[in-house]
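>>> All I have is the shape, not the residue letters:
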């Protein structure tokens, strides 16, 4: 009888655990569909700002009578200092003035001033025909003729100019506008370009720009500190009928160089990052995905984990085990407060501050996790959060070794977001080759974003030089290195 009771009790506890798990999954799915995507957490320091004194209000209401009472209410309010007022129109924009005179006769009147109203306006995009004229001259005595040389073009005899080619690429890979939508826009302007023609342009530009991409890959690969992450993408595959292949963009970010490299791989296995990480030496920062372990455990590599990923596990456990999750979140919040304090410091000063303030917080949190982990179920959400942190505890502390290192991988996750937006608009890549070409253009535009370079201007400048540029000097065309003209033109000033 006793064993029968224990068996029933055990099954009941398992059922309760499963109900809790499924309830959390439903809440999580509801949050993904309808809730805020921001992982926001307020600790107890702000609790007083969130609690309303309802008991006080009820006590006051009991003493009130039905007769109206007049009272004067005064209050003070802090003005939001972060409000910057009306958006400012950039000073370097071209100015077009419209003068509006009064309807009255002003012949004998003296002008005493004027009212000026600034409005941000735009002119719609326009197509025009660029004609390159090269006069030919006959040399004396029949020695031949001379003629001006046509400027270098990225695609020989191409209908499109450099600005239009750059516009098509930026519209797809930065603004996530599929090619068929761009063709519809062109048609509204009376320009009819066959889809196969635009596809051919992009393929030829991909071939032309591949050496530049490879040069950027080599720079990031040889850097002593890179962050790595991966994100899925769908790819059409002729060998799979009726469904798309699930491939991955592997993303490598060099914080010192402010460069990001995308590399497409058909899978997510241990060989996928081999080309980039097999010979890597230095600091490698990743999430807890096990594939990274074989590369992070090498003698000449220091493996760093990401505190943002560790924090996410505790945030997800907050609805199931509020007290423990919020305790951990509050300590991690302290670490990020210290990072904000050290943001403007030198590398040496930042390292000293971390050792002085962050290390005690980490040690305290580590001891607490070790004790609390004995009291929770391993399969519970808080148990999974503890397990994730314990398995990566040494790697989570490695950012303390240098002031140049970052506490998390958030910068690389920001670089991955354009791919997520692209998936929603053009859904999938047409082939594995097309997916790698997309990775190349994401590399260019992602690096431009990190370095504060306008991608349209950069790409137009590159297309004007890449065909004749020496292969051993391709670094001169990197974002931040190339001189970008003020006006976007195909050939000289228009």
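Arrived safely. A quick note: this is a predicted structure, and the numbers were derived from the prediction, not measured. Numbering: from 1, shown residues only.
>>> Run through the strands of the stretch 151-300 of the chain in chain order.
Assigned by DSSP state E, counting those that start in this stretch, the stretch 151-300 of the chain shows strands spanning 225-235, 245-254, 259-265, 282-285.
>>> Check which helix or strand residue 103 maps to.
Element membership for residue 103, per DSSP states H and E: none, as it lies in no helix or strand.
>>> Residue most distant from the centroid, the protein?
Distance from the centre of the chain peaks at residue 141, with 65.2 Å (CA atoms, centre = their mean).
>>> Roughly how far does it sit from residue 290?
79 Å (CB to CB, to the nearest Å). For glycine as for every other residue, the C-beta is placed from the backbone atoms N, C-alpha and C.
>>> Ok, residue 346 next?
Residue 346 is 36 Å from residue 290, where distance means CB to CB.
>>> Could you do residue 208 as well?
Counting by CB to CB, the gap from residue 208 to residue 290 is 39 Å.
>>> Looking at the two, which one has more neighbours?
residue 208 (15 against 8; other CB atoms under 10 Å).
>>> wait, doesn't the more buried one sit right on residue 156?
No. If you go by CB atoms under 8 Å, residue 208 and residue 156 don't touch, sitting 10.6 Å apart.
>>> the helices in the stretch 101-250 of the chain, which residues?
Secondary structure of the stretch 101-250 of the chain (DSSP state H, counting those that start in this stretch): helices at 162-173, 179-188, 195-221.
>>> Give the buried residues for the longest one.
Spelled out, that is helix 195-221. Buried residues in helix 195-221, counted by 16 or more other CB atoms under 10 Å: 198, 201-202, 205-206, 209, 212-213, 215-217, 219-221.
>>> ok so, going back, out of the strands of the stretch 151-300 of the chain, which comes closest to residue 430?
strand 225-235 (8.0 Å; CB to CB).
>>> what's the angle between the closest one and strand 245-254?
160 degrees (axes from the mean of the first three to the mean of the last three CA atoms, to 10 degrees).
>>> list the helices and strands strand 225-235 packs on?
In terms of contacts (3 or more CB pairs under 8 Å, 6 or more residues apart in numbering; DSSP states H and E), strand 225-235 is packed against strand 245-254, strand 282-285, helix 410-426, helix 432-450.
>>> mind checking which of those is nearest residue 191?
Across the helices and strands packed on strand 225-235, closest to residue 191 is helix 410-426 (CB to CB), at 21.0 Å.
>>> So for that closest one, mean pLDDT?
For helix 410-426, mean pLDDT is 68.
>>> I'd say residue 264 and residue 247 touch.
Yes. Counting by CB under 8 Å, residue 247 is a contact partner of residue 264 at 6.2 Å.
>>> any shared contact partners between those two?
Overlap of the contact sets of residue 264 and residue 247 (by CB atoms under 8 Å, 6 or more residues apart in numbering) consists of 233, 432, 435.
>>> can you redo those as TSV with neighbour count, distance to residue 480 and pLDDT?
Shown next, in TSV, are those (neighbours: other CB atoms under 10 Å; distance: CB to CB, whole Å; pLDDT from 0 to 100):
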residue	neighbour count	distance to residue 480	pLDDT
233	21	28	89
432	16	31	87
435	23	27	90
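>>> can those residues go into JSON lines with extra columns for distance to residue 160?
Supplementary listing: the shared contacts of residue 264 and residue 247 in JSON lines, determined by distance: CB to CB, whole Å:
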{"residue": "233", "distance to residue 160": "27"}
{"residue": "432", "distance to residue 160": "26"}
{"residue": "435", "distance to residue 160": "24"}
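>>> in this protein, which residue is closest to the centre?
residue 414 (2.2 Å).
>>> What distance do you get for that one to residue 280?
Counting by CB to CB, the gap from residue 414 to residue 280 is 22 Å.
>>> And residue 160, by the same measure?
Taking CB to CB, one finds residue 160 at 40 Å from residue 280.
>>> More neighbours: which of those two?
Neighbour totals were compared for residue 160 and residue 280, and residue 280 leads with 22 against 18 (other CB under 10 Å).
>>> How about the contacts made by that one?
By CB under 8 Å, 6+ apart, the contact set of residue 280 is 221, 226, 295, 301.
>>> change it to 7 Å
Going by CB atoms under 7 Å, 6 or more residues apart in numbering, residue 280 touches 221, 295, 301.
>>> so which of those residues comes closest to residue 11?
In terms of CB to CB, no member of the contacts of residue 280 lies closer to residue 11 than residue 295, at 43.6 Å.
>>> show me where the stretch 301-450 of the chain has strands.
Ranges of strands in the stretch 301-450 of the chain, per DSSP E, counting those that start in this stretch, are 301-304.
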